[in-house]
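Participant: Build me a structure from this.
(one chain, ligands or ions: 2)
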Amino acid sequence: MSVVNAAILGFGTVGEGVYRTIQSHQEELEAALGKPVKVVAVLVKNEHKSREIETDVLVTTEIEEIFNLPDLHVIFEAIVDKEPSFTYLKQAIAKGCHVITANKEMFCYHGQELLDLAQKQRVGVGYEASVAGGIPIIQTLQQLLNINNVTAIQGILNGTSNFILTEMREQKQSFEAALALAQQKGYAEADPGNDIYGCDAFYKLMILSGLVFGEQPDLKSVKINGITGITLEQIELADQWGLRFKHLASIEKKQERLHASVTPVLVSQSHPLYHVEGVDNAVNVTGDLVGDITLQGPGAGMYPTASAMVEDLVHVLQKPAGEKARNKAASKIIKENGEQDASYWLVSNIKQEQLSNAGIDFEQLEESFFAAKASPAQIEQLKEQEDGTTVYYPIVGTFELKNEHKETHLIGAHG
Ligand SMILES: NC(=O)C1=CN([C@@H]2O[C@H](COP(=O)(O)OP(=O)(O)OC[C@H]3O[C@@H](n4cnc5c(N)ncnc54)[C@H](OP(=O)(O)O)[C@@H]3O)[C@@H](O)[C@H]2O)C=CC1
Ligand SMILES: N[C@@H](CC=O)C(=O)O
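Facilitator: Ligands and ions are numbered 1, 2, ... in the order given. Down below sits the predicted model:
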């Protein structure tokens, strides 16, 4: 082939970003690939929207028109929902096209099947953009998994949620105004419920699980909490105590079992995620040889996401097919450590006596807010006794209760 012919499915924030980047970085692409890249077709849903696309590019609502093109080499997929994306990518692979996707919902559920099909067809699958926007976390993990046993991953995986929490704290914006701004900037999902209720971070975490552990936990068993319950009042109070809300996705393997959770936590100033602000994501990876590494960068938006997709283009075209299969042997044995240790929590809407009666050390921060030191078992016990309105946020990083000074664990997946 003397030119790489590509089609882009979807021309929203991400699809348009890929299109523009291929135009603006043609020289770099040609240097990396030894040939130019040409976008020959774009699939959209609404044929009446006006778009800035060169006239020689086929713009269509019919996928068959794209599959009927001669010499199509690569499909970039940037549409929404599991279907029709999954079907389109299966068809593309069957036709011998490399595929590159940003669609985490689809890849969370169908990624392994696409990888298996691609291996048979000897084509590549790029999915860097499906997790943490512009951060090269997939490539990094693939690089690490040859010898290291990665034992745990935790991080901020949703840019919209982090952006909203930052705007609320820094600008005193309402939740709704901050979300509207995230949508305006192209960070939010087409259905922003995916961001604010935690599903988007869950999809990403499950993609990482598949890559690192070669399996996913029972998807229905994973606790998913979003950021919708967090109020300006709580954010301000936490700030006075040197704590910030972060939406944390974490997974670890203990005694052959995967423990995953997606939930807001409070992090103290000593924690690596404390300064991760705005649309940034950060992913902390623990490997038995490397120790802890944290990658931070923009987790959403037009160009960071396009960056991940065009870098994937170079990888899928340069690497022999099949090389990207998941590392099923990864992460053998992780020792149980301190799951039942006491840790710190911000608890609101609870009576002081309930904490005292449960034998929990606490300090009153404001009328109905307490910082408490409790084991997960004690928290479970409290939950059984109260009426369901109490809110519990784990505090991670260094935190002091009264005169005590203690390093808490990086949050465990039970948080
Ligand atoms: N926004 C971001 O920062 C990031 C998004 N992603 C993922 O990338 C994908 C795209 O996101 P984003 O660009 O923000 O979304 P947008 O809502 O901005 O754009 C979606 C695009 O897909 C097209 N589309 C939707 N359904 C269909 C369909 N059935 N057939 C053909 N075209 C369709 C729409 O067409 P039309 O224009 O005609 O309405 C639109 O062009 C999603 O899966 C998202 O999760 C991943 C990383 C970051
Ligand atoms: N809506 C997502 C986009 C990137 O994956 C986010 O905000 O993180």
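
Participant: For the residue most central in space within the chain, list the residues it contacts.
Facilitator: Of all residues in the chain, the one closest to the mean position by Cα atoms, centre = their mean is residue 157, 3.2 Å from it. Neighbouring residues of residue 157 by Cβ atoms under 8 Å, 6 or more residues apart in numbering: 131, 132, 200, 201, 204, 205, 247, 249, 281, 283, 299. Bear in mind the C-beta positions are built from the backbone N, C-alpha and C, glycine included.

Participant: Within range of ligand 2, give me the residues from the stretch 201-350 of the chain.
Facilitator: Residues of the stretch 201-350 of the chain lying near ligand 2 by Cβ under 6 Å from any ligand atom: 299, 300.

Participant: Next to ligand 1, which bits of the stretch 201-350 of the chain? Give me the list.
Facilitator: 300, 301, 305.

Participant: Would you quantify the distance from the residue in the stretch 201-350 of the chain that ligand 1 sits nearest to to residue 195?
Facilitator: Distance from ligand 1 to each residue of the stretch 201-350 of the chain (Cβ to the nearest ligand atom) is smallest for residue 300, at 3.4 Å. For residue 300, the distance to residue 195 (Cβ to Cβ, to the nearest Å) stands at 9 Å.

Participant: Could you tell me which residues touch both of those two?
Facilitator: 158, 160, 187, 188.

Participant: what helices or strands is whichever strand or helix holds residue 211 leaning on?
Facilitator: Using DSSP states H and E, residue 211 falls within helix 199-213. Helices and strands touching helix 199-213, by 3 or more Cβ pairs under 8 Å, 6 or more residues apart in numbering; DSSP states H and E, are helix 104-121, helix 137-144, strand 150-156, strand 223-224, strand 243-254, strand 257-268.

Participant: could you dump the contacts of residue 157 to a markdown table with pLDDT?
Facilitator: A markdown table is the format used below for these (pLDDT from 0 to 100):
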| residue | pLDDT |
| --- | --- |
| 131 | 98 |
| 132 | 98 |
| 200 | 98 |
| 201 | 98 |
| 204 | 98 |
| 205 | 98 |
| 247 | 98 |
| 249 | 98 |
| 281 | 98 |
| 283 | 98 |
| 299 | 98 |
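
Participant: Turn these into CSV, including neighbour count and distance to residue 380.
Facilitator: Formatted as CSV, the contacts of residue 157 follow (neighbours: other Cβ atoms under 10 Å; distance: Cβ to Cβ, whole Å):
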residue, neighbour count, distance to residue 380
131, 29, 31
132, 34, 31
200, 30, 28
201, 33, 23
204, 27, 27
205, 31, 23
247, 28, 22
249, 29, 21
281, 30, 30
283, 27, 29
299, 32, 32
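
Participant: Among these, which one lies nearest to residue 240?
Facilitator: Within the contacts of residue 157, proximity to residue 240 (Cβ to Cβ) peaks at residue 247, which comes in at 20.6 Å.

Participant: Let me see the contact set for that closest one.
Facilitator: By Cβ under 8 Å, 6+ apart, the contact list for residue 247 reads 156-158, 161-162, 165, 198, 201, 226-227, 262-264.

Participant: between these, which is nearest residue 242?
Facilitator: residue 165 (15.7 Å).

Participant: any weak-confidence spans in the stretch 101-250 of the chain?
Facilitator: For the stretch 101-250 of the chain, no stretch is flagged by pLDDT under 70.

Participant: Can you find the residue of the stretch 1-150 of the chain that comes nearest to ligand 2?
Facilitator: Counting by Cβ to the nearest ligand atom, the stretch 1-150 of the chain gets nearest to ligand 2 through residue 133 (5.0 Å).

Participant: That residue contacts residue 281, doesn't it?
Facilitator: Yes - between residue 133 and residue 281 there is a contact under Cβ atoms under 8 Å: 6.3 Å.

Participant: now the helices for the stretch 1-150 of the chain?
Facilitator: 13-24, 26-33, 63-67, 85-94, 104-121, 137-144 (DSSP state H, counting those that start in this stretch).

Participant: Are the first one and ligand 1 in contact anywhere?
Facilitator: Yes - using Cβ under 6 Å from any ligand atom, a contact is recorded between helix 13-24 and ligand 1, made by 13, 14, 15.
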